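> here is a sequence with its predicted model. Questions after.
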Amino acid sequence: MAKKQVVKTFKLMAPGGTATPAPPLGPVLGANQVNPGQFIQQFNASTGHLNGKLVGVIVTVYNDRSFSFEVKTSPASVLIKDAAGIEKGSGVPNKDMVGTIKSEQVRKIAEEKMADLNAGSIEAAMRIIEGTARSMGVLVEG
């Protein structure tokens, strides 16, 4: 049997466990030759434990119209907003601080994101997360 050839690889963001084939997901999947109903069913089954938390997905489409996907962790900004209990980041982060998080929370976020970050140690990952928090107008304490 012939080996499957990769036709296309693309990234998208979707709510884990609660994705629907309605826009914006359905049209993106259809335009890339992925059956939206089939993708949504498999995606929701594998991410049901996330309860609507936004996650990144890398979808690989093969020449026989089959596909595979890899679920990544949530974006750092989403995790920081959850930890700080805020709705959105600051429009002027260098002047208006919208929330605070503790360094233990930064460590927890860094440990969760470690596989997806370009960092050699947990301390380096924490510095990346702290920088993201600062750019969102979230103060890191202690």
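Noted; the coordinates are in hand.

> after the longest helix belonging to the chain comes which helix or strand?
In the chain, assigned by DSSP state H, the helix with the most residues is helix 122-136. For helix 122-136, the following helix or strand on the C-terminal side (DSSP states H and E) is strand 138-141.

> and that following strand, which strands flank it?
When sheet partners are counted by DSSP bridges, strand 138-141 sits next to strand 99-102 (parallel).

> the inter-axis angle of the helix or strand following the strand it pairs with versus helix 122-136?
Of the helices and strands lying after strand 99-102 in sequence (DSSP H and E), the nearest is helix 103-113. Here helix 103-113 runs at an angle of 110 degrees relative to helix 122-136 (axes from the mean of the first three to the mean of the last three C-alpha atoms, to 10 degrees).

> how about the helices in the chain?
Using DSSP H, helices in the chain cover 25-31, 36-46, 76-84, 103-113, 122-136.

> I'd like to know which of these lies nearest to residue 18.
helix 36-46 (7.1 Å; C-beta to C-beta). Placement of C-beta: from N, CA and C, glycine included.

> and the contacts of the closest one?
Outside helix 36-46, the residues that touch it by C-beta atoms under 8 Å, 6 or more residues apart in numbering are 14, 17-21, 25-26, 29-30, 57, 59, 67, 69, 71.

> identify each buried residue in that helix, please.
36, 39-40, 43-44 (16 or more other C-beta atoms under 10 Å).

> just how off-centre is it within its chain?
17 Å (C-alpha atoms, centre = their mean, to the nearest Å).
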